[in-house]
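Enquirer: Kindly generate the corresponding structure for this input.
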Amino acid sequence: MTAPQGVRVDHAVSSGTFSLDGQTFEVDNNIWVVGDDRECVVIDAPHSVEDILAVVGDRAVRAILLTHAHDDHCRVAPALREAVNGGSGAPILLHPDDRPLWELTHVHDGEGHLWDVDLADGFEIGVGGTTLRAIHTPGHAPGAVCFHAPELGCVFTGDTLFQGGPGATGRSYSDEDQIKDSIRTRLFTLPDDTVVHTGHGDDTTIGAEKANL
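Expert: Residues are numbered from 1 along each chain as shown. Have a look, this model is predicted:
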């Protein structure tokens, strides 16, 4: 499958904290931006709006796609929503099963608004002539979602799959058996040479991780 001309994946790292269950840790998060010179989508919104905007540049942001709602992945999503597109904003997309985690970081406004669009398994969004498809992969979080870009030969896994194996499941709203089932039944059906762009740390491939589960 050939990628459309001009579409690319841009990357940066942003540093901050992750807090859950009364503990706080220093973490480095990957920022992923997919698109062409005109438009893009942002995958996750961790610690700094400025760090994300440095990757976006002057492009139109079609959407802010959240892999899950741990605070180090969604903390600045509302502020980013207001900062892009000349202040006209962009929708935040999140799987509704992650509402309990979202509400640990963000309260809804007076009209009950949370994020803007509910993600569902199979949801597709086009950007820069290519398409990203949402794959619901619960386990690290109940609403964890990966975004597969088949024309780019990659998948954005958030904290579901890392170089070396599954994401952590030792905290609230997580389930070890569920994350392993999600990886085996949803991610390991992708081609072995699919590049895995993770929420933290280095890239890997689907084929490499089959030996680590």
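
Enquirer: rest of the way, CA atoms for contacts and neighbours
Expert: Fine.

Enquirer: Show me where the protein has its strands.
Expert: In the chain, the segments counted as strands under DSSP state E are 8-20, 23-35, 39-43, 60-65, 92-94, 117-118, 124-127, 130-136, 145-149, 154-158, 161-162, 165-166, 195-198, 204-205.

Enquirer: Around the nearest residue to Ala208 once chain neighbours are set aside, how many other residues sit close by?
Expert: In space, and not counting its chain neighbours, Ala208 is closest to Asp192: 7.6 Å by CA to CA, 6 or more residues apart in numbering. Around Asp192 there are 15 other residues, counting by other CA atoms under 10 Å.

Enquirer: cool, and Ala120?
Expert: 18.

Enquirer: how much space between the closest residue to it other than its chain neighbours and Ser19?
Expert: Nearest non-adjacent residue to Ala120, counting by CA to CA, 6+ apart: His95, 6.2 Å away. Distance, His95 to Ser19, using CA to CA, to the nearest Å: 20 Å.

Enquirer: thought Glu26 was touching Ser19?
Expert: No. The pair Glu26 / Ser19 is not scored as a contact, 9.0 Å apart, by CA atoms under 8 Å.

Enquirer: Of those two, which one has the most company?
Expert: Between Glu26 and Ser19, counting by other CA under 10 Å, Ser19 is the more crowded of the two (14 against 11).

Enquirer: what's near enough to touch the more buried one?
Expert: Each residue near Ser19 by CA atoms under 8 Å, 6 or more residues apart in numbering is listed here: 25, 71-72.

Enquirer: hmm, 7 Å instead?
Expert: Going by CA atoms under 7 Å, 6 or more residues apart in numbering, Ser19 touches 25, 71.

Enquirer: Would you mind naming the residues that bridge with it?
Expert: Thr24 (DSSP bridges).

Enquirer: pLDDT value on it, please?
Expert: With respect to pLDDT, Ser19 has a value of 95.

Enquirer: Spatially central residue for the chain, please.
Expert: Nearest residue to the geometric centre of the chain (CA atoms, centre = their mean): Thr67, 3.2 Å.

Enquirer: Gly22 versus that one, what's the distance?
Expert: Thr67 is 22 Å from Gly22, by CA to CA.

Enquirer: So what touches the helix or strand of the chain with the lowest mean pLDDT?
Expert: Within the chain, no helix or strand scores below helix 99-105, which has a mean of 93 by mean pLDDT, DSSP states H and E. Helix 99-105 is contacted from outside by 69-71, 75, using CA under 7 Å, 6+ apart.

Enquirer: and which of these is nearest to Ser48?
Expert: Closest approach between the contacts of helix 99-105 and Ser48, by CA to CA: Arg75, at 8.5 Å.

Enquirer: and that closest one, what does it touch?
Expert: Taking CA under 7 Å, 6+ apart as the definition, contacts of Arg75 comprise 45-47, 105.

Enquirer: so can I have a markdown table of those residues showing distance to Ser172 and neighbour count?
Expert: Formatted as a markdown table, the contacts of Arg75 follow (distance: CA to CA, whole Å; neighbours: other CA atoms under 10 Å):
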| residue | distance to Ser172 | neighbour count |
| --- | --- | --- |
| Ala45 | 21 | 31 |
| Pro46 | 20 | 30 |
| His47 | 21 | 25 |
| Thr105 | 14 | 16 |
